[in-house]
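Q: Sequence first, predicted coordinates after that:
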Amino acid sequence: MCFMAGSSNRHYACLTCRKVFRRRQDMESRAPRKGEHPCPDCGAPMMNLGPYFKAPKRTDLKQWAKVSLLAESGYFYHPYHPPSCCTWDGPGARPRRLREVPEFLVPEPGPLRELAAYRMRRAMRRCKDRVARK
């Protein structure tokens, strides 16, 4: 086993509270699971975003909306294991800004990209609503 295989700690994010916690995970089960660990603050299920996830600031609503949208679409920060893990260069490209997410999810223009843009606006609205409630 290579020393680059990673630790057994994973970053679990509560998308409701916009907080990240490190939790232990078995090395055999690397699949992301929602609801495996409840949030210590609000009790909502946290999402396993992987060991290479870097959390944005809690006040950066656009970045959290981007993370939420990418996670709902199946883009996590888990390592890709090629034949030699020592040549691995990261979890892959991710958009830097929220407005780049529809083009990232659906490269060709059309109705599916419009649907992704709608989901982006809805994710931003949910983040703003969560802040307004607190």
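A: Cool, the structure landed.
Q: Tell me which helix or strand the spatially closest residue to residue 119 that is not a sequence neighbour sits in.
A: Sequence neighbours aside, residue 69 is the residue nearest to residue 119 in space, at 6.1 Å (criterion: C-beta to C-beta, 6 or more residues apart in numbering). For every residue, glycine as well, the C-beta is placed using N, CA and C. In the assignment (DSSP states H and E), residue 69 maps to helix 61-72.
Q: Now the helix or strand that that helix is followed by: buried residues?
A: Counting by DSSP H and E, the next helix or strand C-terminal to helix 61-72 is helix 101-105. For helix 101-105, a neighbour-count test (16 or more other C-beta atoms under 10 Å) marks 101-102, 104-105 as buried.
Q: Regarding the protein, what is its longest helix?
A: helix 111-133 (DSSP state H).
Q: Averaged pLDDT, it. What do you get?
A: In this model, helix 111-133 has an average pLDDT of 80.
Q: Good, we can wrap up now.
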